[in-house]
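Colleague: test case, fold it:
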Amino acid sequence: MDSHPNVTAVRGALAAAGGNAPEVVILDEAVHTAAAAAAALGVEVGQIANSLIFDADGEPLLVLTSGAHRVDTDRVAAALGITRLRRATPEFVREHTGQAIGGVAPLGHPKPVRTVVDRDLARFPVIWAAGGVPRAVFPISYAELVRVTDGLEADVA
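Modeller: Prediction:
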């Protein structure tokens, strides 16, 4: 799992972003939900950055939201001037990220994906994000997450 192509892509993207690149951690078991990831890591569910891909007028939009939140799609669409924002199909997610739902990382995709970062994540000194597969995660600060993803900070819940 340590050498899975998605994990390698995430590690490469983190290194390319510069700064103090965090280490991708491989967990003993897959964590497909924020609650499972929080339990495995011994952290609050709000510290998990859920990577949710949406179909935004036919283009991918990555919303990195606190695991304690649900995305208000009407609010996000209005803030970004999107006519139609809906959850993406598994095929759409894989096409645009190269990764499967449950392990989508904030970076390491074939092409950059427009990204929105939930401002609520800023209240945690350490956030945990997926590392490209359901068993991989990495710790990162809010400021670094915004920087490495070139994300737009927004209230998404």
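Colleague: surely residue 64 is within a strand?
Modeller: Yes. Applying DSSP: H, G, I helix; E, B strand; the rest coil, one finds residue 64 inside a strand.
Colleague: tell me where the model's unsure across this protein.
Modeller: Residue ranges of the chain with pLDDT under 70: 1-2.
Colleague: which residues in it form helices?
Modeller: Taking DSSP state H as the criterion, the chain carries its helices at 5-16, 34-41, 73-80, 90-97, 142-149.
Colleague: so can I have JSON lines of those helices showing mean neighbour count and distance to residue 25?
Modeller: All C-beta spots, glycine's among them, are computed from the backbone N, C-alpha and C. Output for the helices of the chain, formatted as JSON lines (neighbours: other CB atoms under 10 Å; distance: least, CB to CB, whole Å):
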{"stretch": "helix 5-16", "mean neighbour count": "18", "distance to residue 25": "10"}
{"stretch": "helix 34-41", "mean neighbour count": "18", "distance to residue 25": "8"}
{"stretch": "helix 73-80", "mean neighbour count": "15", "distance to residue 25": "29"}
{"stretch": "helix 90-97", "mean neighbour count": "17", "distance to residue 25": "20"}
{"stretch": "helix 142-149", "mean neighbour count": "19", "distance to residue 25": "16"}
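Colleague: ok, now which ones touch residue 108?
Modeller: 6, 9-14, 98-99, 132 (CB atoms under 8 Å, 6 or more residues apart in numbering).
Colleague: so what's the residue positioned nearest the centre of the chain closest to, chain neighbours aside?
Modeller: By CA atoms, centre = their mean, the mean C-alpha position of the chain lies nearest to residue 51, the distance being 3.0 Å. For residue 51, ignoring the flanking residues on the chain, the nearest one in space by CB to CB, 6 or more residues apart in numbering is residue 104 at 4.1 Å.
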